[in-house]
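# Sequence first, then the predicted structure:
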Amino acid sequence: MTDAPLEGLTEKTGGHVEVKKAEFAAALFFGIIGLTAVYQSIDLGPGWGESGPQPGFLPFSLGMIMAVASVVILLQAVLKADGGTIFEQKEEIIELVRVGLPMAAAGVLVETVGFYMMVVAYSAGFIIWYGRYRWYMVIPPAILFAFLLFQALEKFFRIFMPKSMFYSDSFPF
């Protein structure tokens with residue numbers, strides 16, 4: 001048996017962020033989101049009524065699952081040995097930002113431009129920018145996808161999403 005380390009399995013490869021710290025931060029972030037959902041759903045009623053679940057039942061349950069899962073992840077991060085590092089090359093951070101910034105912008109803009117217009121802008125923009133497709137090949141399917149999503153959510157399931165300032169009978173987004 002040789003004493004040489006296996007290729008690609010070094011203890012610390014010089015990454016920019018330690019895995020343990022990243023897991024700890026992610027667990028805290030999702031734990032806060034879960035506890036916020038639990039807190040907000042209490043006003044809606046998280047229990048079970050005469051006709052079934054109250055409006056806060058699902059967000060309360062999902063928030064509790066997220067909070068408990070984040071505690072488990074925190075315990076695992078604290079108890080396990082050093083897990084190495086992530087983002088070993090700067091290009092990996094650039095890719096994360098390249099995917100994360102449009103996502104954050106979409107989340108912020110949904111109240112202004114409406115859910116369905118945001119779906120069109122995000123999906124088409126992401127495919128054009130990241131996938132390098134031509135705009136005229138992407139925008140019609142993105143609009144069709146948003147229209148089908150509108151039909152499914154609003155007409156079939158009766159889930160009403162925020163609309164854009166252009167919303168009317170002739171323009172359903």
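Arrived safely, thanks for sending.
# Helix or strand for the residue nearest the centre of the chain, just tell me which one.
By Cα atoms, centre = their mean, the chain has its centre lying nearest to residue 103, at 8.0 Å. Using DSSP states H and E, residue 103 falls within helix 90-113.
# Pull out the buried residues from that helix.
102, 106, 110, 113 (16 or more other Cβ atoms under 10 Å). Heads up, the C-betas are built off the backbone N, CA and C, glycines and all.
# Distance to residue 92 added to those, as a markdown table?
Compiled in a markdown table, these are given as follows (distance: Cβ to Cβ, whole Å):
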| residue | distance to residue 92 |
| --- | --- |
| 102 | 17 |
| 106 | 22 |
| 110 | 28 |
| 113 | 31 |
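# quick check, nearest of the residues you listed to residue 42?
residue 110 (24.9 Å; Cβ to Cβ).
# Let me see the contact set for the closest one.
For residue 110, the contact set (Cβ atoms under 8 Å, 6 or more residues apart in numbering) comprises 118, 162.
# For it, give its distance to residue 78.
36 Å (Cβ to Cβ, to the nearest Å).
# Also residue 129?
Note on residue 129: its distance to residue 78, by Cβ to Cβ, is 39 Å.
# do the same with residue 154
For residue 154 relative to residue 78 (Cβ to Cβ), the value is 45 Å.
# hmm, back to that, ok, and the closest non-adjacent residue to the residue nearest to the centre of the chain?
residue 122 (7.8 Å; Cβ to Cβ, 6 or more residues apart in numbering).
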